[in-house]
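S.K.: next come a sequence and a model predicted from it.
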Amino acid sequence: MASYLKIHEHNEARRRPSPIIVRRRPGRPSEGLLRWGHLVFPCALGRGGIKAIKREGDGATPLARMRLLYGWQRGGWQGGRRSRLTLRRIGTDDGWCDAVDDRNYNRHVILPYPASCERMKRPDHLYDCCIVMDYNVSQRRRGMGSAVFFHLARPGFLPTEGCVAVEPRVMSRMLPYLSRKTVLVVTR
C-alpha cells in the first residue's frame, strides 16, 4: 500500500496542468509546433523567429516560460466556450499600449489614447480570442516587448509580431482547460 505522502504527491501532480510547449518548426522559423499533453498542433510564431532577448518591434517570439493571466474575447466568437481564465469582452475602446516611453507601456488602455497602441477589436479577427501571457507584464521593462499574446492565427500560419497563434478550432478546444496555473513554454 502506498504511503499517504506518495498518494498526496500523485494527486498534486494530476491537478497541476502540464505546460504548453512551443518549438520552432524545422526549416520554418516563423512557424511552430505546439504540444499540449499528447496532442501536437501547428502554430504561428513571430516573423523574427524565437529570440532569447526580445526587443520592442523585433517581431520575435520570446524564448520564455509565460504564465497565462487572462483573456479577451469578442462577443459572438463562434469558439466561445467557458474557461477557467477570466475572459473580458472586447469593446471598441479597448487597446494595448506599445509606446516604450509611455507610463502604460505594455498595458491595457482605453481608446482613443494619445500614445501608440494596438486596437484589440481587430477587423482581421485575430484577437477574437486573445490570451495575455505574463511576458513583460508583471515585471515590466521598457523596450523588452509588448502585446505578446496567445491568439488566433491567420490562414496559412502567416507570421505574427511576436505572439503564438493557433487555429480557431484549436483555441476552442484548449480554452476550457486553460487557467492561471497554465504555463506556455517557448523553447528551441
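M.R.: It's in. Residues are numbered from 1 along each chain as shown.

S.K.: confidence score at the spatially most central residue of the chain?
M.R.: Ranked by distance to the mean C-alpha position of the chain (Cα atoms, centre = their mean), the top residue is Phe150 at 2.2 Å. What the model reports as pLDDT for Phe150 is 98.

S.K.: okay, and the beta partners of the closest residue in space to it that isn't next to it in sequence?
M.R.: Leaving aside its chain neighbours, Phe150 sits nearest to Ile131 (4.1 Å; criterion: Cβ to Cβ, 6 or more residues apart in numbering). C-beta here means a position set from N, CA and C on the backbone, and glycine is covered the same way. Ile131 has these beta-bridge partners by DSSP bridges: Gly71, Phe150.

S.K.: residues in contact with Ile131?
M.R.: 68-71, 85, 149-151, 178 (Cβ atoms under 8 Å, 6 or more residues apart in numbering).

S.K.: got it, and Arg107?
M.R.: 96-97, 140.

S.K.: how about 6 Å then?
M.R.: Going by Cβ atoms under 6 Å, 6 or more residues apart in numbering, Arg107 touches Cys97.

S.K.: what of Asp94?
M.R.: Here Asp94 is in contact with Met120 (Cβ under 6 Å, 6+ apart).

S.K.: hey, where'd the helices end up in the chain?
M.R.: Using DSSP state H, the helices of the chain run over 4-15, 168-174.

S.K.: and those, which one is worst for confidence?
M.R.: In terms of average pLDDT, helix 4-15 trails the rest of the helices of the chain, at a mean of 51.

S.K.: in this structure Pro159 contacts Gly32, no?
M.R.: No: counting by Cβ atoms under 6 Å, Pro159 stays clear of Gly32, with 10.6 Å between them.

S.K.: higher neighbour count, those two?
M.R.: Gly32 (27 against 21; other Cβ atoms under 10 Å).

S.K.: pretty sure that one sits against Arg25.
M.R.: Yes: using Cβ under 6 Å, Gly32 makes contact with Arg25 at a distance of 5.5 Å.

S.K.: lowest-confidence helix or strand of this structure?
M.R.: Scoring the helices and strands of the chain by mean pLDDT, DSSP states H and E places helix 4-15 at the bottom, with a mean of 51.

S.K.: sorry, back to before: please indicate which of the contacts of Ile131 are buried?
M.R.: Neighbour-count burial (16 or more other Cβ atoms under 10 Å) applied to the contacts of Ile131 gives 68-69, 71, 85, 149-151, 178.
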